[in-house]
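**Student:** turn this into a model:
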Amino acid sequence: MKGKSLSFCVFVVAAALLLPGQTGHGKAVGKAGDWAGTIAGVALDGRIYTVESSGALYVTEPETGAWKQLGKNDFANTKFLFAASGKLFSIEKDGSLYAISPVDGSWKGVGKAGEWVGTIAGVALNNKIYTVESSGALYVTDPASGAWKQVGKNDFAATKFLFSAANKLFSIEKDGSLYAINPADGSWKRLGQAGSWAGTAAGVGAGARILTVEANGIYYETDTTSGAWKELAHPPLAPTPFMFFCAGALYTIEKGGSLFQLRLDGKGGSSAPPDTGLAIDKKSAASVAGNLTFAFMGKWVGDAATYEKDPAYKEALKTSPEMAKAALGMLKTMAMSVTLDGITMEIMGEKIGPIPYSVITASGNTLTIESVEAGKPPSRQDILFLDATHIKMAEKGNEAKALFLVKK
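**Tutor:** Residues are numbered from 1 along each chain as shown. Model prediction:
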């Protein structure tokens, strides 16, 4: 009887969890979680510099993830970090500007203490630092002396992000609109459709383009001339508070503190798709897949209550009551954890995983993933979201054998 019970329930577990290496998520660099305390960061001369909540300044070799601390724990109050003229510059919470050596972490104050206390956004461009104040004023600062002057009028109080690309400044406002700003006089014009960047969680200038990530983990590339954007061709990542463009690759620090590399030059990781000239609807299958993928992540347990209402269970209860009850008992012991690294399943005290998964597409409330068991052709599984916290997980085309899970 035990064997028959397993075939009824574990069949789906095996089908759903014997999965191929996850594709398109980029390459994890270094040890997972090593950047969990990051509060600010910037790329300089092919390296990534980050400040931790402990006040420590670190330099990371992006290809390997190897890092080392520079100087003492002097930077716990850092609010912004910039790179200009071969040095690092920080604006602290008290509004003071400091020049920092990228060699040993030594630092010295620049300009008058507290002059940048109202800064809400900033970026370096052509060895100058441009900042937006809460008053809406745009300022340019000479980092060598700390001398500053206002550029243009007080038009920028709603600025959320400030980027540099193509020798210009670009802002994303709180309403999600993108603007190109002339750094010489502060004049500006809107690019693209108003509000198209409303979901932006982070971004970085990269040559003549701006790379951004939405709150749902979908990445976009924006042309800085026209404002036209396209979705980058890879499944979504976890929420990303930090992005760096370094040595031809995009690096991200995820919310959990892991560093990822997403190559944009076709040499591995993720690459942008060929430009077809067609705009991609942000409600495309890929975007829906992004939303459902994040909904899929987390901890789940067997949902016996929903399973007992399923017609397949009711039918099995009539024809093979012992098998059905045994399957229900197994479901009650089941726990599943889903992360970017893969799916870990625990059933009857045995743990499987984490095993990587590949997202194929999504439609409506159904997320489709693909698995390839060694020596067998690929198979696909559907994860149907019954609501925000309940899912039905089954091999595609075989809903009679399904797992029901509820989010913890």
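
**Student:** and the host helix or strand of K160, how far out from the chain middle?
**Tutor:** For K160, the host element (DSSP states H and E) is strand 159-165. From the chain centre to the centre of strand 159-165 is a distance of 18 Å (C-alpha atoms, centre = their mean, to the nearest Å).

**Student:** K112: neighbour count?
**Tutor:** Other residues near K112 come to 13 when the count uses other C-beta atoms under 10 Å. C-beta coordinates here come from the backbone N, C-alpha and C atoms, glycine included.

**Student:** which residues does it contact?
**Tutor:** Each residue near K112 by C-beta atoms under 8 Å, 6 or more residues apart in numbering is listed here: G146.

**Student:** doesn't it belong to a helix?
**Tutor:** No - read with DSSP: H, G, I helix; E, B strand; the rest coil, K112 is coil and lies in no helix.

**Student:** my guess is W148 contacts V140. True?
**Tutor:** Yes - assessed by C-beta atoms under 8 Å, W148 is found in contact with V140 at 6.5 Å.

**Student:** where do the helices sit along the protein?
**Tutor:** 2-17, 285-296, 304-309, 311-319, 321-332 (DSSP state H).

**Student:** among those, which gets the worst mean confidence?
**Tutor:** Ranked by mean pLDDT, the helices of the chain bottom out at helix 2-17, with a mean of 35.

**Student:** which of the residues in stretch 380-390 are buried?
**Tutor:** Within stretch 380-390, the residues scored as buried using 16 or more other C-beta atoms under 10 Å are 380-385, 390.

**Student:** restricted to strands, list the residues you listed.
**Tutor:** Among the buried residues of stretch 380-390, the members found in strands (DSSP state E) are 380-385, 390.

**Student:** kindly state the domain boundaries assigned to this structure.
**Tutor:** 2-21+294-407, 27-269 (automatic domain parsing).

**Student:** so which of those domains is the most surrounded?
**Tutor:** Among these, domain 27-269 has the highest mean neighbour count (mean count of other C-beta atoms under 10 Å), at a mean of 18.

**Student:** now that one, how far from the centre of its chain.
**Tutor:** That offset, for domain 27-269, works out to 15 Å (C-alpha atoms, centre = their mean).

**Student:** any idea of the mean pLDDT for it?
**Tutor:** Across domain 27-269, pLDDT averages out at 92.

**Student:** bridging residues for the closest residue to L292 other than its chain neighbours?
**Tutor:** Nearest residue to L292, sequence neighbours excluded (C-beta to C-beta, 6 or more residues apart in numbering): L367, at 4.0 Å. L367 forms beta bridges with A362, I383, as assigned by DSSP bridges.

**Student:** stretch 363-373 - what's its average pLDDT?
**Tutor:** Per-residue scores along stretch 363-373 average to 75.

**Student:** what mean pLDDT does stretch 341-352 get?
**Tutor:** Here stretch 341-352 scores 80 as its mean pLDDT.

**Student:** and it, end to end?
**Tutor:** Distance between the two ends of stretch 341-352: 13 Å, counting by C-alpha to C-alpha, to the nearest Å.

**Student:** let me have the buried residues of stretch 380-390 in TSV, extended by pLDDT and distance to F89.
**Tutor:** Converted to TSV, the buried residues of stretch 380-390 look like this (pLDDT from 0 to 100; distance: C-beta to C-beta, whole Å):
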residue	pLDDT	distance to F89
R380	80	50
Q381	83	50
D382	87	51
I383	90	46
L384	89	51
F385	88	46
H390	91	50
